[in-house]
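Visitor: Would you be able to build a 3D model of this:
(chains A and B)
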Number of protein chains: 2
Amino acid sequence: MYSLRFTAESSANGMAERDFTVAGVPGVLWSPASGAADRAPLILMAHGGGNHKKHPAMSGRAQRLVGCGFHVAVLDAPGHGDRPRTAHDEAEIAELFRARAAGEPEGPVVVRYNAHLAELAVPEYRATLDALQELPEIGTEGPVGFWGINMGTAIGVPLVAVEPRITAAVFGLHWPDALAEQAAQITVPIEYDLQWDDEHIPREAGLALFDAFASKEKTLHVNAGRHKELPRFEADSAVRFFARHLGQGLRPAASR
Amino acid sequence: MYSLRFTAESSANGMAERDFTVAGVPGVLWSPASGAADRAPLILMAHGGGNHKKHPAMSGRAQRLVGCGFHVAVLDAPGHGDRPRTAHDEAEIAELFRARAAGEPEGPVVVRYNAHLAELAVPEYRATLDALQELPEIGTEGPVGFWGINMGTAIGVPLVAVEPRITAAVFGLHWPDALAEQAAQITVPIEYDLQWDDEHIPREAGLALFDAFASKEKTLHVNAGRHKELPRFEADSAVRFFARHLGQGLRPAASR
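Guide: Purely as a prediction, here's the structure:
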């Protein structure tokens, strides 16, 4: 088993931030500043394509979750953030840019490349979860959640399909092609985000992936708008979803 | 213009309840007990088929909304609650029970009967809104919302289509047949609830009605489960939707 090595530590806005590596893979662990040592459930997140572990979408979600007392961890995906790109990464990215410039659909390239990255990332996330659970403030008893949209879903669906420690997940904005079969192995509660006017992912494709999950409790949130216009209130909804299923502090607003 | 006549008044759980009639149509107005006289936005609700204005689904939603400072009003639909049934009502209800017992689809009967009831109910709701806005605690300045699922949607879609005072609406669980054309006239923000395994309303039919709304801001919430299994947390979501769009007290939980 690989061990976790902390490489930097800071704190801002009530949130402690600890950079770490597990077997050379760089990640970040965010925790409540006032209770970084308090045992609390963990949410694993995975970032979107072209982004990195500390992208504002990640730190913004972390801020919401940490405010409810969760620990939150994100890894740089292979070829992303502080990690080197291979020749294969460069070739796939060049192909994506070529397709985009030519006005061709991005789907085939993104689906194929994300599936490749997920094959590498899934064991990295599992090794990181092993290592994080060695920390006294996380431990092996507490529930674990997963939250990833776009490429985060491409990594998360195969991860959650094989990882019994993850008991609730938020996904969204992906094609079913490489994922539907693994989604059919997932039975934990999920929330799935879909954009009704997505210029990349056809409506029927998004609905097909949602349909594929075997979860008895599953919720789909569709919003009018294009691929990048997922409304901010869906992040609040995801936080409520985790609070509901992982039993952390936050109660639904209307019952308070 | 018809005036509003209060016929009974009580209070429980922080909620003042005033029965009223407008032109002979019985309704109920729920308000914060501590601030029944305070000016606040109004949510009009319409109940489901076979129910009445004080059905627990109505008073439960009202409790949540009143807790956020809203006024809430519901009318008994024609042929429902304290209102007499006509021979036509009796015939349609008998036909619904016959179809149900024979294992035939309920849709054709429900769609037709609800459309008939909506024709009667829409002018009743508009007259009631006129009369409610005469009350100093409601007034003509504040925004108005509408919330109705099932038959409440059959009444609400034609109502919101013609009533410019209503600026946000929550609908759900209906067929598009009689409603899609009117939905296409609606441009205010909407939230729409659909059950993924609805045994009465085919998936494609529900999605088609959501698709028909011309609203730039529209959200669809799909949950796994049958027609009557709409999760309770969707009521909390609707309350947050109204708080967001009608500017009342409640803030999204995660930002507090």
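Visitor: Around chain B, pick out the residues from the stretch 51-200 of chain A.
Guide: Contact residues, the stretch 51-200 of chain A versus chain B (CB under 8 Å from any CB of the partner chain): A:Arg64, A:Gly67, A:Cys68, A:Trp196. From N, CA and C alone the C-beta is placed, and that goes for glycine too.
Visitor: Serialize the residues you listed to TSV and add fields for secondary structure and distance to B:Thr7.
Guide: Compiled in TSV, those are given as follows (DSSP: H, G, I helix; E, B strand; the rest coil; distance: CB to CB, whole Å):
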residue	secondary structure	distance to B:Thr7
A:Arg64	helix	47
A:Gly67	helix	47
A:Cys68	coil	46
A:Trp196	coil	45
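Visitor: With respect to chain B, which of the residues you listed is nearest?
Guide: Nearest to chain B out of these is A:Arg64 (CB to the nearest CB; 4.7 Å).
Visitor: Which parts of the stretch 51-200 of chain A are strands?
Guide: Assigned by DSSP state E, counting those that start in this stretch, the strands in the stretch 51-200 of chain A fall at A:71-75, A:144-148, A:166-172, A:190-195.
Visitor: Output those in JSON lines; the columns should cover mean neighbour count and mean pLDDT.
Guide: What follows is the strands of the stretch 51-200 of chain A, written out as JSON lines (neighbours: other CB atoms under 10 Å in any protein chain shown; pLDDT from 0 to 100):
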{"stretch": "strand A:71-75", "mean neighbour count": "27", "mean pLDDT": "98"}
{"stretch": "strand A:144-148", "mean neighbour count": "27", "mean pLDDT": "98"}
{"stretch": "strand A:166-172", "mean neighbour count": "26", "mean pLDDT": "98"}
{"stretch": "strand A:190-195", "mean neighbour count": "25", "mean pLDDT": "98"}
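Visitor: Using CSV, lay out the ones you listed together with distance to A:Gly225.
Guide: What follows is the strands of the stretch 51-200 of chain A, written out as CSV (distance: least, CB to CB, whole Å):
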stretch, distance to A:Gly225
strand A:71-75, 25
strand A:144-148, 20
strand A:166-172, 13
strand A:190-195, 5
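Visitor: remind me which residues of chain A are low pLDDT?
Guide: Low-confidence segments of chain A (pLDDT under 70): A:35-37, A:248-256.
Visitor: Give me the neighbour count for the residue lying closest to A:Gly145 once chain neighbours are set aside.
Guide: Residue nearest to A:Gly145 in three dimensions, not counting chain neighbours: A:Ile43, with 4.3 Å by CB to CB, 6 or more residues apart in numbering or on different chains. Close neighbours of A:Ile43, defined as other CB atoms under 10 Å in any protein chain shown, add up to 30.
Visitor: Show the contacting residues for A:Ile43.
Guide: A:Ile43 sits next to A:Leu65, A:Phe70, A:His71, A:Val72, A:Ala73, A:Val144, A:Gly145, A:Phe146, A:Trp147, A:Phe242, A:Leu246 when contact means CB atoms under 8 Å, 6 or more residues apart in numbering or on different chains.
Visitor: 7 Å instead?
Guide: By CB atoms under 7 Å, 6 or more residues apart in numbering or on different chains, the contact set of A:Ile43 is A:Leu65, A:Phe70, A:Val72, A:Gly145, A:Trp147, A:Phe242.
Visitor: Who is it paired with across the strands?
Guide: Residues in a beta bridge with A:Ile43, per DSSP bridges, are A:Val72, A:Gly145.
Visitor: so where do the helices sit in chain A?
Guide: Taking DSSP state H as the test, the helices found in chain A are A:56-67, A:87-101, A:107-132, A:151-162, A:180-183, A:203-212, A:233-246.
Visitor: looking at those helices, which is buried most?
Guide: helix A:151-162 (a mean of 26; mean count of other CB atoms under 10 Å in any protein chain shown).
Visitor: Which elements pack onto it?
Guide: In terms of contacts (3 or more CB pairs under 7 Å, 6 or more residues apart in numbering or on different chains; DSSP states H and E), helix A:151-162 is packed against strand A:42-46, helix A:107-132, strand A:144-148, strand A:166-172, helix A:180-183.
Visitor: ok, now how distant is A:Glu95 from B:Glu163?
Guide: 52 Å (CB to CB, to the nearest Å).
Visitor: and what of A:His116?
Guide: The value you get for A:His116 to B:Glu163, if CB to CB is used, is 54 Å.
Visitor: Quick check: chain neighbours aside, which residue is closest to A:Val157?
Guide: In space, A:Val157 comes closest to A:Leu179 once its chain neighbours are excluded; the distance is 4.6 Å by CB to CB, 6+ apart.
Visitor: That neighbour: neighbour count?
Guide: With other CB under 10 Å as criterion, A:Leu179 counts 26.
Visitor: Run through the residues that contact it.
Guide: A:Ala154, A:Val157, A:Leu209.
Visitor: So for chain A, the centremost residue is which one?
Guide: By CA atoms, centre = their mean, chain A has its centre lying nearest to A:Gly148, at 2.3 Å.
Visitor: who touches it in this structure?
Guide: Going by CB under 7 Å, 6+ apart, the list of residues near A:Gly148 reads A:Met45, A:Ala46, A:Ile155, A:Gly156, A:Phe171.
Visitor: so the first one makes contact with A:Ala57?
Guide: Just to be clear, that refers to A:Met45. No - using CB atoms under 7 Å, A:Met45 is not in contact with A:Ala57, being 9.2 Å away.
Visitor: Can you list phi and psi of A:Ala214 for me?
Guide: The phi/psi pair for A:Ala214 (degrees, to the nearest 10) reads phi -80, psi 0.
Visitor: Let me see the contact set for it.
Guide: Going by CB under 7 Å, 6+ apart, A:Ala214 touches A:Ala184, A:Gln185, A:Ile186, A:Thr187.
Visitor: ok, now A:Asn223?
Guide: Counted by CB under 7 Å, 6+ apart, A:Asn223 has contacts A:Gln195, A:Trp196, A:Leu230, A:Pro231, B:Thr219.
Visitor: try it again with 10 Å
Guide: A:Asn223 makes contact with A:193-197, A:229-231, A:233-234, B:191, B:217-220 under the criterion CB atoms under 10 Å, 6 or more residues apart in numbering or on different chains.
Visitor: What of A:Phe146?
Guide: The contact partners of A:Phe146, taken as CB under 10 Å, 6+ apart, are A:42-46, A:125, A:129, A:152-153, A:155-157, A:159-160, A:163, A:165-171, A:188, A:190, A:242.
Visitor: That one and chain B: what is the separation?
Guide: Applying CB to the nearest CB, to the nearest Å, the value for A:Phe146 to chain B is 18 Å.
Visitor: And for A:Ala235?
Guide: From A:Ala235 over to chain B the distance is 7 Å, taken as CB to the nearest CB.
Visitor: My guess is that residue contacts A:His221. True?
Guide: No - the pair A:Ala235 and A:His221 fails to qualify as a contact (CB atoms under 10 Å) at a distance of 11.1 Å.
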